[in-house]
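Novice: Need coordinates for the below:
(2 chains)
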Amino acid sequence: MASRILMSKLSPTMEEGRVLQWLKQEGDAVEMGDAVVEIETDKANMEVEAMGSGVLRVILVPEGDTVPTGTMLGVVGEADEDIAAVLAEAETEATASDNGSSASAEAAAPAAPAAESPPAPPTATVADAASGSPAPLSSAPPTGDGDGDGDRVKASPLARRMASEEGIELARVSGSGPGGRIVKRDIEAALRGGGAAAATVLEVGPEVPYERVELSQVRKAIARNLVKSLGPIPHFFLTSEIDMARVLELRKELNESLKGSGIKIGVNDILIKVAAQALLAHPHVNVSFAGDHIRMYKRVDVGIAVAIPDGLITPVLRAADSKGLQRIAEDTRDLIARAREKKLLPDEYYGATFTITNLGPYGIDEFTAVINPPAATILAVGATREKPVALGGSVEIRPRMRVTLGCDHRAVDGATGAEFVATFKDMLENPLRLVL
Amino acid sequence: MAVIAYREALNQALREEMRRDPDIFLMGEEIAEYDGAYKVTKGLLEEFGEMRVRDAPIAEMGFAGLGVGAAMAGLRPVIEFMTWNFALLAIDEIVNTAAKLRYMSGGQLKLPITFRGPNAGAIQLAASHSQSFESWYAYVPGLKVVAPSTPRDAKGLLKSAIRDDNPVVFLENEVIYGLKGEVPDDEDFTIPLGQSEVKRSGDDVTVVAHARSVHWAMEAAEILAEKHDISVEVVDPRTIRPLDIDTILDSVRKTNRCVIVEEGHPFCGIGAQVVDDIQREAFDYLDAPVIRVTGPDAPTPYARNLEQLSLPQAEFIVQAVQHVSYLE
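Specialist: Residues are numbered from 1 along each chain as shown, chains lettered A, B, ... in the order given. Purely as a prediction, here's the structure:
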């Protein structure tokens, strides 16, 4: 039976992808599991495997084209198999989505004549039955009025009902059915991906254990009201200035002791370590807002914002709370290096419970950062600068760093966030606490 | 419980009912001396005599009309058509007389008559002798339409059909006359008209099938379970009219997907009616359009290979189930 090669949704945020390179050409033999085409997602380059064996019968989307997820890229089938019905589906998709790449429509176009109902000689009626169900299928038109249908979200009635009951925004769910139709399994996947509401609630790293905290009435009201004021995630920000003198000394000493090992600990690594420790002390900050409950994670997965030439990616250092500084330094180097080469796998840049973004190297003193869901908090770190500071009645020149914690007010309140920031500051100013 | 063939189950039903009620008589072509073209009436002439088991001339409208008159006069006739293809000659009596008289007499007349015989195709009987008529009769208010798929259902439903005070069109199937299955010996065993039966329970896809199609559906369900890990629920309406849609709807609400199978033509078929009910009553439960697997929209071919391809067989049902599951 013919199998489709689809622009799969390879990350939770992926809505379209670009065909980079066909690894097989039309007519090439293909085994199930063979990499057939390389695609570029919003974050990384990935290979798509064949779901069936046979030969690559047709390539529908040429290299370089960008198409929505769910689009049929090609068909694998037996060499002599009739794939007209499958191609008709691609045709339907292409015409049904206005915003689909014109190239995919063109590529599918040659299939159209073959897909049209054949005339009805005696055997054709039999073919009709022979194809069993496909007879009505191939003629099934896209729903809606045809033209102007491109923006309409296609979803099965069941999927619509489930989405409505769970408070999921259909427009944010990617459909895996024909023509991108959202079906039951897509809603289930969205639900697994962090539950309701927000559709902004996405999954954290694989199998991070968490405690489910039911929402109090007050918390529900806060969540409901604040979303109305500032986007889907109501942000607020807490800024604090931290004396970095002792941390810088500590770093220097550590690096001297590591001399010759090839490992160098950066300020960022210490910030990650301190943040993870502080989060352990303040579990109500290491959370996600999940619609009808809050997930209080029992592990700290720290996202590290990394600038890359065409944007930003946030590799995730898993279980930062259980790693030592040296390990954090090693793992972080590796993640950042691969992030810059676009070699990260989706589960390496997705689903942090907390994020750190540092614009200090760019000379920024202080800034606010946008929360990176599903985390409910993000720490924006500014440059460390020497400043005159009043200390015990005299003025001293001290290295000072300003940090701003962005919080999702649905899950974290001002005092809760402030307590975390206070601990974070205290640990940095008294870094020996790290050994406690 | 004895294991007997579908035709023997029908024979048992006739025999038991005739013993129970002296008003019942049988009439049809070659049903008496020859034991019936398909031996459904075997031995009944011997037991009940020629007053109650009567051979009719080859004149369907005549003996069907005679049956209608006898029913009006208080008897309980069972009229056999050698096949339902031949009943076309008698359809005026069935549709215009039997189906109308209770209504047009303001309920003063009862019409306790059963018309029975093989429906649908057999093997190379060609276009005019291979037709499925359930949607013709199910269309008509005033008729009940029954299409059993197993020996057990055949016996239980024929007894209920005979006991019913309305005209019943009882559609058998030549190809499964020899099919064997467990049938209760109990003379009081009946199956009420208008009750669907879940022939196989499953969670993923509902397949609605009646008569011979049930067996293709069961075969498909087996293949899907073994090779594709899809759990199919097979619902057999058994009675086409009145249709027990609730059992079908319950199943669809559970599985969210439905495939409807029938041997007849697709246009205005039974499946079209079932789809109508499902889309209205279970709209919010559907995860995929309901798909129908039917015979062709063409006269049945005579050539063996083409005739075979025209049947809604397991392979096509497997494809349809995969399609509504978004797995292909």
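Novice: Tell me which stretches of the stretch 51-200 of chain B form strands.
Specialist: For the stretch 51-200 of chain B, the strands defined by DSSP state E, counting those that start in this stretch occupy B:53-55, B:76-80, B:114-119, B:144-146, B:168-173, B:180-183, B:197-200.
Novice: Put together JSON lines for those strands, with mean pLDDT, mean neighbour count and distance to chain A on each row.
Specialist: In this view, the C-beta of every residue, glycine as well, is placed from N, C-alpha and C. As requested, the strands of the stretch 51-200 of chain B are exported to JSON lines (pLDDT from 0 to 100; neighbours: other Cβ atoms under 10 Å in any protein chain shown; distance: least, Cβ to the nearest Cβ, whole Å):
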{"stretch": "strand B:53-55", "mean pLDDT": "98", "mean neighbour count": "19", "distance to chain A": "38"}
{"stretch": "strand B:76-80", "mean pLDDT": "98", "mean neighbour count": "27", "distance to chain A": "30"}
{"stretch": "strand B:114-119", "mean pLDDT": "98", "mean neighbour count": "26", "distance to chain A": "18"}
{"stretch": "strand B:144-146", "mean pLDDT": "98", "mean neighbour count": "27", "distance to chain A": "23"}
{"stretch": "strand B:168-173", "mean pLDDT": "98", "mean neighbour count": "27", "distance to chain A": "18"}
{"stretch": "strand B:180-183", "mean pLDDT": "97", "mean neighbour count": "18", "distance to chain A": "27"}
{"stretch": "strand B:197-200", "mean pLDDT": "98", "mean neighbour count": "17", "distance to chain A": "19"}
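Novice: Distance to B:E17 added to these, as CSV?
Specialist: Output for the strands of the stretch 51-200 of chain B, formatted as CSV (distance: least, Cβ to Cβ, whole Å):
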stretch, distance to B:E17
strand B:53-55, 13
strand B:76-80, 8
strand B:114-119, 10
strand B:144-146, 14
strand B:168-173, 12
strand B:180-183, 15
strand B:197-200, 22
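Novice: Would you tell me which of those strands gets closest to B:Y103?
Specialist: Of all the strands of the stretch 51-200 of chain B, strand B:144-146 sits nearest to B:Y103, with 13.9 Å by Cβ to Cβ.
Novice: quick one: strands adjacent to the closest one?
Specialist: Neighbouring strands of strand B:144-146 in its sheet, by DSSP bridges, are strand B:168-173 (parallel), strand B:239-241 (antiparallel).
Novice: which phi and psi does B:Y6 have?
Specialist: phi -50, psi -40 (degrees, to the nearest 10).
Novice: for A:A190, same thing?
Specialist: Here is the backbone geometry of A:A190 (degrees, to the nearest 10): phi -60, psi -40.
Novice: so how far is stretch B:227-234 from its chain's centroid?
Specialist: Mean-position distance between stretch B:227-234 and its chain equals 25 Å (Cα atoms, centre = their mean, to the nearest Å).
Novice: correction: stretch A:388-402
Specialist: Per Cα atoms, centre = their mean, the centroid offset for stretch A:388-402 relative to its chain is 41 Å.
Novice: CA atoms only: put that stretch into PDB for me.
Specialist: Listed next in PDB are the C-alpha coordinates belonging to stretch A:388-402 (Å, rounded to 0.1, in the frame of the first residue of the first chain):
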ATOM      1  CA  PRO A 388      30.200  53.100  43.300                       C
ATOM      2  CA  VAL A 389      28.200  51.500  46.000                       C
ATOM      3  CA  ALA A 390      27.400  52.800  49.500                       C
ATOM      4  CA  LEU A 391      28.600  50.100  51.900                       C
ATOM      5  CA  GLY A 392      28.600  50.500  55.600                       C
ATOM      6  CA  GLY A 393      28.900  54.300  55.500                       C
ATOM      7  CA  SER A 394      31.600  54.500  52.800                       C
ATOM      8  CA  VAL A 395      31.500  54.300  49.000                       C
ATOM      9  CA  GLU A 396      33.200  51.400  47.400                       C
ATOM     10  CA  ILE A 397      33.700  50.400  43.800                       C
ATOM     11  CA  ARG A 398      32.100  47.000  43.300                       C
ATOM     12  CA  PRO A 399      31.200  44.700  40.400                       C
ATOM     13  CA  ARG A 400      27.500  44.800  40.200                       C
ATOM     14  CA  MET A 401      25.000  42.900  38.000                       C
ATOM     15  CA  ARG A 402      21.400  43.600  37.500                       C
END
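Novice: Now do it: everything it contacts.
Specialist: If you take Cβ atoms under 8 Å, 6 or more residues apart in numbering or on different chains as the criterion, stretch A:388-402 is touched by A:239-245, A:248, A:360, A:365-366, A:381-387.
Novice: mind listing which of the residues you listed are in helices?
Specialist: Using DSSP state H, the members of those that fall in helices are A:A245, A:L248.
Novice: Out of the contacts of stretch A:388-402, which are close to chain B?
Specialist: When Cβ under 8 Å from any Cβ of the partner chain is applied, no member of the contacts of stretch A:388-402 is adjacent to chain B.
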